[in-house]
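Got a predicted structure here, sequence first:
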Amino acid sequence: MTGAPPLRPRALRPGDLVVIAALSGPLHAAYEPDLERAVVVLQGMGFRVRRAPLLQAGRRRWWSAATPGEIAAELNALLRDPEVRAIVAHDGGQTALGYLDLIDVAAIVADPKPILGYSDISLLHLVLHARTGLVGFHADLATPGLGGAWQAVPPARRAELERLYTGLLTGTAPIGALPTSPSWECWRAGRAEGPLIGGVINRIVLVQATPYALPPDRFDGAVLFWEEMGGQASYVWSYLHVLRHAGVLDRIAGMVVGVPYAIEGLGGGDGAPTLPEIVLDVLGGRDIPVLGNVEFGHAGPNLPLPVGIRAGLDAGRRTLSLLEPAVR
């Protein structure tokens, strides 16, 4: 797959069917209104929307919406259904590792479709990109994102996100520069161009321990993006060192770090390090640009980052641009 073009889904058209599916965690009854608002957002983008059968409030099996086999069966049915043009994960969770070996990869190659989500859905993006070249859409989930975080921002910001997502899913021209904000920070100046590879950092590390890991050369010249939520600052330091030991940090051309969320022990005094200090400590003398505190991850709302698409990073100027279309 080295050097092969990414497998782009077909561009969505007005009236196309988008399905919201429970690809990991369950839908708690309290969040049914958020899911309903997510449906309205997608309809406002011009799409028809359907909920997959497993997405029922109160339905659960342990920490999941269903067994891994049931979730995989539903996902495969969506992948094989020619009417379904995109799949949006309702939420993240802890289930995708249980069915990575059950996904119908041939159906993806035959009819690639955008799959949207982050957190646990990072596993799907990385594995499917490794196996097929599929462009995965590291983007907001339906329930906590489109129906939650999007509703809490000013209307102008929500309209900007809606235009961005619609353009990315329906347009065959590069998006160009993503909208910046004052929160973006240059942690190490420099410029880089390369394919976007990333997700939540603990999932990047976990997937590399499976048979479906990205080959090492997939990181050559890549712009690695990652975020994290929960746990300890020391965990982030450890995950970065795993990537260092694996040689990933020696291969990438640049790094983009999302807004940290609910991480204990970050810059709270008593000698606690900040996130930039942790990142630069592990990078050591590796002279690659690092742009931090970019709006993607669990803090939400998410700027969409299509896995496998070439991006241009200028950390000193605090810009990140999508240089290729994500769909065809």
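Received the coordinates, thanks.

so for the longest helix seen in the chain, what's the average pLDDT?
The helix spanning the most residues in the chain, taking DSSP state H as the definition, is helix 155-170. In this model, helix 155-170 has a mean pLDDT of 98.

cool, and stretch 108-126?
The predicted model assigns stretch 108-126 a mean pLDDT of 98.

now swap in stretch 253-264 and tell me
The average pLDDT within stretch 253-264 is 97.

Residue 95 touches residue 123, doesn't it?
No: with contact defined as C-beta atoms under 8 Å, residue 95 does not count as touching residue 123 (9.4 Å). (C-beta placed from N, C-alpha, C; glycine too.)

hmm, back to that, which positions within the longest helix of the chain qualify as buried?
158, 161-162, 164-170 (16 or more other C-beta atoms under 10 Å).

Alpha carbons of it, as PDB, please.
Listed in PDB are the C-alpha atoms of helix 155-170, where the atom choice follows Å, rounded to 0.1, in the frame of the first residue of the first chain:
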ATOM      1  CA  PRO A 155     -24.700  30.000  15.800                       C
ATOM      2  CA  ALA A 156     -22.000  31.400  13.600                       C
ATOM      3  CA  ARG A 157     -19.600  28.700  14.700                       C
ATOM      4  CA  ARG A 158     -22.200  26.000  14.200                       C
ATOM      5  CA  ALA A 159     -22.900  27.300  10.700                       C
ATOM      6  CA  GLU A 160     -19.200  27.300  10.000                       C
ATOM      7  CA  LEU A 161     -18.900  23.700  11.100                       C
ATOM      8  CA  GLU A 162     -21.900  22.700   9.000                       C
ATOM      9  CA  ARG A 163     -20.400  24.300   5.900                       C
ATOM     10  CA  LEU A 164     -17.100  22.600   6.600                       C
ATOM     11  CA  TYR A 165     -18.600  19.100   7.000                       C
ATOM     12  CA  THR A 166     -20.900  19.500   4.100                       C
ATOM     13  CA  GLY A 167     -18.100  20.700   1.800                       C
ATOM     14  CA  LEU A 168     -15.800  17.800   2.900                       C
ATOM     15  CA  LEU A 169     -18.500  15.200   2.300                       C
ATOM     16  CA  THR A 170     -19.900  16.600  -1.000                       C
END
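
Quick one: residues in contact with it.
Applying C-beta atoms under 8 Å, 6 or more residues apart in numbering, the external contacts of helix 155-170 come out as 11-14, 41, 44-46, 86, 114, 137, 139-140, 150-151, 153, 175, 178-179, 301, 303-304, 306, 322, 326-327.

next one: phi and psi at residue 285?
Note on residue 285: backbone dihedrals following degrees, to the nearest 10 are phi -90, psi 10.

CSV please, covering the buried residues of helix 155-170 and showing distance to residue 75.
Written out in CSV, the entries for these read as follows (distance: C-beta to C-beta, whole Å):
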residue, distance to residue 75
158, 29
161, 26
162, 26
164, 26
165, 21
166, 24
167, 26
168, 22
169, 19
170, 23
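
Now do the helices in the stretch 201-328 of the chain.
The residue ranges that make up the helices of the stretch 201-328 of the chain, judged by DSSP state H, counting those that start in this stretch, are 201-207, 233-245, 248-251, 275-283.

How far does the longest helix of the chain sit from its chain's centre?
Once both centres are worked out by C-alpha atoms, centre = their mean, to the nearest Å, helix 155-170 turns out to sit 16 Å from its chain's centre.

ok, now stretch 104-124?
On the basis of C-alpha atoms, centre = their mean, the separation between the geometric centre of stretch 104-124 and that of its chain is 11 Å.
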